[in-house]
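A.B. asks: Could you work out the structure for the sequence below:
(one chain, ligands or ions: 2)
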Amino acid sequence: MTSLLQVRDASKSFGGVVANKGISLDVASGEIVGLIGPNGSGKTTLFNSIAGTHPIDAGSIRFAGEEISNLRVPQIARRGLLRTFQQTRIYGRMTCMQNMAISAPHRDGGFAAIFRRFGPETTERAESLLEFVGLYQKRKLRGGELSFGQQKLLEFAMALMNQPKMLLLDEPTAGINPTLINGLLDRLRRANEELGITLLVIEHNMRVMMNLASRIYCLAHGELLAEGAPSDIQNDQRVIDAYLGAH
Ligand code: ADP
Ligand code: MG
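C.D. replies: Ligands and ions are numbered 1, 2, ... in the order given. Reported below is the predicted structural model:
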């Protein structure tokens, strides 16, 4: 397997807290891979390390064959690897279209983009992606006027503005009602199949994982506990114990 994302022995501590310890994982181009683990097991920390929010203390992170562990968020984003957040980060006072415009690639966008007229190409791409996630009719509404689930869809569309090769999604279904969850999962699958975007997804809902991921990694106490097909992971006694022990 040639990996699009290859993490080797990645470790990260915060003061005395070892958040990630010697983690290795691989995601092949075109895959949808899950990342699970009890609260505090280090999932978000690993995403932050991969996406460039903070450097790792030791180990290696390669994306498309290139070492990226020494790069920062904008440089990694430019290479086609982006993350979304557990807490939605949209601008409530801006319209959906404005949110989309400021999400256009860092090199020609950033905050300055909202003070300019959108280029026709940006407008077209923003509209087509809002259509893709089912928000085209709401494109002129402010972000804050959307339901929480719709905000998640907007955030996903904003990430797609960058035409990523790979997305790291941190609990995309958290707080969304079951009806919208199915819609979101459908969009994630279509982004994978039709846009060719590789996905690494943090998700607690095992039913969601079974439907989405071809492989799952499970973290516990900052370390990799298990890796396998969803059906194997679901029945893995170590995984079950880790979740039971966490409550
Ligand atoms: P998860 O996403 O699996 O719930 P996190 O990666 O958020 O877990 O947290 C793992 C551990 O690292 C926790 O003990 C958390 O308190 C700690 N941690 C995470 N980020 C920071 C930070 N920026 N500063 C200090 N401690 C942190
Ligand atoms: Mg987290």
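
A.B. asks: Run through the helices of this structure in chain order.
C.D. replies: Secondary structure of the chain, counting by DSSP state H: helices at 43-51, 73-78, 96-102, 120-132, 148-160, 178-194, 206-212, 230-234, 237-245.

A.B. asks: Make JSON lines from those helices and add distance to residue 62 to it.
C.D. replies: Placement of C-beta: from N, CA and C, glycine included. Output for these, formatted as JSON lines (distance: least, C-beta to C-beta, whole Å):
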{"stretch": "helix 43-51", "distance to residue 62": "10"}
{"stretch": "helix 73-78", "distance to residue 62": "12"}
{"stretch": "helix 96-102", "distance to residue 62": "30"}
{"stretch": "helix 120-132", "distance to residue 62": "29"}
{"stretch": "helix 148-160", "distance to residue 62": "21"}
{"stretch": "helix 178-194", "distance to residue 62": "21"}
{"stretch": "helix 206-212", "distance to residue 62": "24"}
{"stretch": "helix 230-234", "distance to residue 62": "25"}
{"stretch": "helix 237-245", "distance to residue 62": "27"}
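
A.B. asks: quick one: which of those is nearest ligand 1?
C.D. replies: Checking the helices of the chain against ligand 1 by C-beta to the nearest ligand atom gives helix 43-51 as the closest, at 3.2 Å.

A.B. asks: Domain-wise, how is the chain divided?
C.D. replies: 1-80+165-247, 87-163 (automatic domain parsing).

A.B. asks: rank those domains by pLDDT, which is bottom?
C.D. replies: Within the domains of the chain, confidence is poorest for domain 87-163, with a mean of 85 (mean pLDDT).

A.B. asks: what about that one and ligand 1, any contact?
C.D. replies: No. Judged by C-beta under 6 Å from any ligand atom, domain 87-163 stays clear of ligand 1, getting no closer than 11.8 Å.

A.B. asks: separation between residue 240 and residue 95?
C.D. replies: 46 Å (C-beta to C-beta, to the nearest Å).

A.B. asks: follow-up on the earlier one: can you lay out the helices of the chain as CSV showing mean neighbour count?
C.D. replies: As requested, the helices of the chain are exported to CSV (neighbours: other C-beta atoms under 10 Å):
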stretch, mean neighbour count
helix 43-51, 23
helix 73-78, 16
helix 96-102, 23
helix 120-132, 16
helix 148-160, 22
helix 178-194, 15
helix 206-212, 17
helix 230-234, 17
helix 237-245, 13
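
A.B. asks: Among these, single out whichever gets nearest to residue 3.
C.D. replies: With respect to residue 3, and counting by C-beta to C-beta, the nearest of the helices of the chain is helix 43-51 at 12.5 Å.

A.B. asks: What lies in contact with the closest one?
C.D. replies: The contact list for helix 43-51 (C-beta atoms under 8 Å, 6 or more residues apart in numbering) reads 5, 7, 10, 12, 19-20, 23, 35-37, 54-56, 61, 63, 68-69, 73, 76-77, 81-83, 86, 168, 170, 200, 202, 219, 222.
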